[in-house]
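Colleague: sequence and computational prediction follow.
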Amino acid sequence: GFLKGLQGSHTCLRRGVVTEAQALANRGKDDDHGPGDQEGFEAVQQERLAQAERSVLISCHSKTNEKRFLKYLSLHGDIQNSFFYDSYGTYAVVEFASPESVASLHKAVSIPAVNHESLVPFKSRLLSLRSLGAADRPTGQTGPQCRPQTAVPMNELIQTLSQEETIDQQVTCLTAAFQLTEENTRLRFLVCSLLRDIAASYFPECNVRPFGSSVNGFGKLGCDLDMFLDLDGISGRSLKMPNAGLALEYQMKRCNSERAVTQSILSVVGECVDRFGPGCVGVQKILNARCPLVRVAMKTSELLHLYGRLDGRVRGLVFAVRCWARAHAITSSVPGAWITNFSLTVMVLFFLQRRPAPVIPTLDHLHSLAGPADKSVIEGNDCTFVSDLSRITLQDNTETLEQLLRGFFDFYGSFQFGRMSISIRKGTEQNKPEVAPLHIQNPFETSLNVSKNVNGTQLDRFVALCQDAAWHLEQSAAGAPSAPPPQRGADTAPAPWGLAALLLPSQTAGVKGRRKQKRELASVRLKGLLESLKKNNNR
Ligand code: GTP
Ligand code: MG
């Protein structure tokens, strides 16, 4: 069904976080549907959630007559936006201009007739289109155009990139191919809003909000969807008691700890999603996981989003490095002792701060530019930074993406990981405060290391692969300064070069033979997985 169709999807509930794999958002300048970049981050999130709440998801025939379909739905009110996509069947997302239209639509939706089965009586905004009678059968020969929700496969990407003429163009092309689309972003917010409906049966004031790469501007089509079940409306944190007179308060159950409360809520919500949610299958509850402070993680998403907007090269470089890291199994979709996309992103930001003319400012600088409205302290952590981009003056750095990409590999190919820690707050190397192969200071919880999980073997691989990549780029730059694609025949596809060549499995010295490397990696992974399972069981 719907959730299953989200590429590489796995559903799990962690403490404070519901994860569901799938796809989302390019809030580019030419985007005329989504909320604009000039609005604040928080306002954009709110607007997208409101959009999602006015939307329904309809399973339909691949040959559905789009015009007639939309005309039928518009009996319930104006349609603001709609698109179709394919994922184990054809689906339409229809956003009405007004929430009343969804209520009106609900009145016109009927309960399916079943013969040998029984229905779970739960109504949601996941609907199916039925055509009744021969006259209403889908007539369109071609059917509606479906918007892709998955990234192009690596082989195809390598071919496409090889046709570009400069590395800068390759990076731009890769970013365009991988970044979340407007439609995918809408789907992500729709998932949040549909889950909210389920949680709202018990907690009407709750909100489900996305964070992480779904909203930080660095999400790739198919990346997971990190969600936060926000119950602050009920927690009483913001309520003031009167000083005198009578007052009423709710009787409420008490638990030993906040963690216990969260676990109990997520356990029930997870159960409801699994048992009642149409299309929701295989919900796995991971209630013991160690989780970052979710509110701080949301602030981190906002910070990364801001860095991505400051200079177009930031996102390009992050996308290129993430893609390269995935191609060489430096990162993985399975948690373990390897570097995460989040750590990699912070490493790219740090590198950009370390250029002779820094491309982006330090977090301390962004903190110093903050106004009173930007102040944010979350559980003792100062998460304040400026939100008004016009207050930030950038330095004059004119390096090309090619230079920056090479610079990145050079920088980390010779970084003093043994002694130094990476801090985007200070924008300079700091002495390592603790023993860990890789130390990257958490931007807001500064005493924490975001790459604590990384072991020496994984770090060594990363360094070796950086050196390898730097060497490759140097060769191609030395051979042809403007790096035109070599060996280009008239009727043959151009040989992978530049960034495309970096995405091929590594063959050169410094990195072990491919098969051996794969075998070793698989066994390290398996060991990591077993260890984490053991840890979970022992809790
Ligand atoms: P992908 O899902 O890999 O595309 O990237 P992501 O940025 O969404 O990373 P992930 O899903 O692993 O985590 C979601 C968010 O949680 C991140 O964006 C961070 O804000 C936060 N986060 C992840 N790992 C850590 C960590 O080790 N420490 C802290 N404090 N926060 C983390
Ligand atoms: Mg994520």
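Modeller: Sure thing, it's come through. Residues are numbered from 1 along each chain as shown. Ligands and ions are numbered 1, 2, ... in the order given.

Colleague: strands along the stretch 201-350 of the chain, start to end?
Modeller: Shown for the stretch 201-350 of the chain, the strands assigned by DSSP state E, counting those that start in this stretch span residues 207-211, 224-230, 284-285.

Colleague: which residue, neighbours along the chain excluded, lies closest to Gly212?
Modeller: In space, Gly212 comes closest to Asp226 once its chain neighbours are excluded; the distance is 3.5 Å by CB to CB, 6 or more residues apart in numbering. All C-beta atoms are positioned from the backbone trio N, CA, C, and that covers glycine.

Colleague: just list whatever residues bridge to that neighbour.
Modeller: Assessed by DSSP bridges, Asp226 has beta-bridge partners Thr19, Phe211.

Colleague: pLDDT score assigned to it?
Modeller: Here, the pLDDT recorded for Asp226 equals 94.

Colleague: wouldn't it be in contact with Pro210 here?
Modeller: Yes - applying CB atoms under 8 Å as the test, Asp226 and Pro210 come out as touching, 6.5 Å apart.

Colleague: in terms of neighbours, single out the busier of these two.
Modeller: The residue with more neighbours, out of Asp226 and Pro210, is Pro210; 28 against 24, by other CB atoms under 10 Å.

Colleague: roughly how far apart are the residue nearest to Gly212 and ligand 1?
Modeller: Distance check for Asp226 against ligand 1: by CB to the nearest ligand atom, to the nearest Å, it reads 4 Å.

Colleague: for Gln80, same thing?
Modeller: In this structure, Gln80 and ligand 1 are 28 Å apart, going by CB to the nearest ligand atom.

Colleague: so that residue is in which element?
Modeller: Using DSSP states H and E, the element containing Gln80 is strand 79-86.

Colleague: equivalent analysis for Thr150, please.
Modeller: Applying DSSP H and E as the criterion places Thr150 outside every helix and strand.

Colleague: count the residues that sit near it.
Modeller: Counted with other CB under 10 Å, residues neighbouring Thr150 total 17.

Colleague: repeat for Arg322
Modeller: Residue neighbour count, defined by other CB under 10 Å, stands at 22 for Arg322.

Colleague: for the nearest residue to Glu302 once chain neighbours are set aside, grab phi and psi.
Modeller: Nearest residue to Glu302, sequence neighbours excluded (CB to CB, 6+ apart): Phe41, at 4.7 Å. The phi and psi torsions at Phe41 (degrees, to the nearest 10) take the values phi -60, psi -50.

Colleague: my guess is Phe41 meets Ser387, correct?
Modeller: Yes - counting by CB under 8 Å, a contact exists between Phe41 and Ser387, whose distance comes to 6.9 Å.

Colleague: need the overlap of contacts for the two.
Modeller: Residues within reach of Phe41 and of Ser387 at once, by CB atoms under 8 Å, 6 or more residues apart in numbering, are 302, 306.

Colleague: related to what we said a few turns ago, so how far is Ala495 from the residue nearest to Glu302?
Modeller: Phe41 is 42 Å from Ala495, where distance means CB to CB, to the nearest Å.

Colleague: can you check Lys452 too?
Modeller: In this structure, Lys452 and Ala495 are 41 Å apart, going by CB to CB.

Colleague: touching, Val120 and Gly279? I think so.
Modeller: No - with contacts defined as CB under 8 Å, Val120 does not count as touching Gly279, sitting 11.9 Å away.

Colleague: so which of these two has more stuff around it?
Modeller: Each of Val120 and Gly279 had its neighbours counted (other CB under 10 Å), and the higher figure belongs to Gly279 (16 against 8).

Colleague: among the strands of the stretch 201-350 of the chain, which is nearest Lys63?
Modeller: Nearest to Lys63, of all the strands of the stretch 201-350 of the chain, is strand 224-230, at 29.9 Å by CB to CB.

Colleague: which parts of the stretch 401-539 of the chain are helices?
Modeller: For the stretch 401-539 of the chain, applying DSSP state H, counting those that start in this stretch gives helices covering 401-413, 456-479, 498-502, 514-538.

Colleague: residue contacts, the closest residue to ligand 2 within the stretch 201-350 of the chain?
Modeller: Nearest residue of the stretch 201-350 of the chain to ligand 2 (CB to the ion) works out as Gly212 at 3.6 Å. Contacts were defined as CB under 8 Å, 6+ apart; by that measure Gly212 touches 219, 224-226, 297, 301, 342.

Colleague: touching stretch 399-415 from outside, list them.
Modeller: 166-168, 171-172, 313, 316-317, 320-321, 347-348, 351-352, 354-355, 359, 462-463, 466-467, 469-470, 473-474, 477, 483, 498-499.

Colleague: my bad, stretch 318-330
Modeller: Counting by CB under 8 Å, 6+ apart, the neighbours of stretch 318-330 from elsewhere in the structure are 154, 157, 170-171, 174-175, 178-179, 218, 220, 308, 331, 338-339, 341, 344-345, 347-348, 401, 405, 408, 458, 461-462, 465, 469, 499, 502-506, 518, 521.

Colleague: about what we covered before: alpha carbons only: can I get the helix or strand just after the strand holding Gln80 in PDB?
Modeller: Following the chain from strand 79-86 toward its C-terminal end, the next helix or strand by DSSP H and E is strand 90-96. Output for strand 90-96, consisting of C-alpha atoms alone and laid out as PDB, is shown next (Å, rounded to 0.1, in the frame of the first residue of the first chain):
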ATOM      1  CA  THR A  90      -1.500   4.700  -8.900                       C
ATOM      2  CA  TYR A  91      -2.300   7.300  -6.200                       C
ATOM      3  CA  ALA A  92      -3.500  10.800  -6.400                       C
ATOM      4  CA  VAL A  93      -2.800  13.500  -3.800                       C
ATOM      5  CA  VAL A  94      -5.500  16.200  -3.800                       C
ATOM      6  CA  GLU A  95      -5.200  19.300  -1.800                       C
ATOM      7  CA  PHE A  96      -8.400  21.300  -1.300                       C
END
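
Colleague: still on that earlier bit, what's the PyMOL line that selects buried ones from the contacts of stretch 399-415?
Modeller: Only the buried members of these end up in this PyMOL selection, burial being decided by 16 or more other CB atoms under 10 Å:
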select buried, resi 166+167+168+171+172+313+316+317+320+321+347+348+351+352+354+355+359+462+463+466+467+469+470+473+477+483+498+499
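
Colleague: A strand includes Ile58, no?
Modeller: Yes - checked against DSSP: H, G, I helix; E, B strand; the rest coil, Ile58 lies within a strand.
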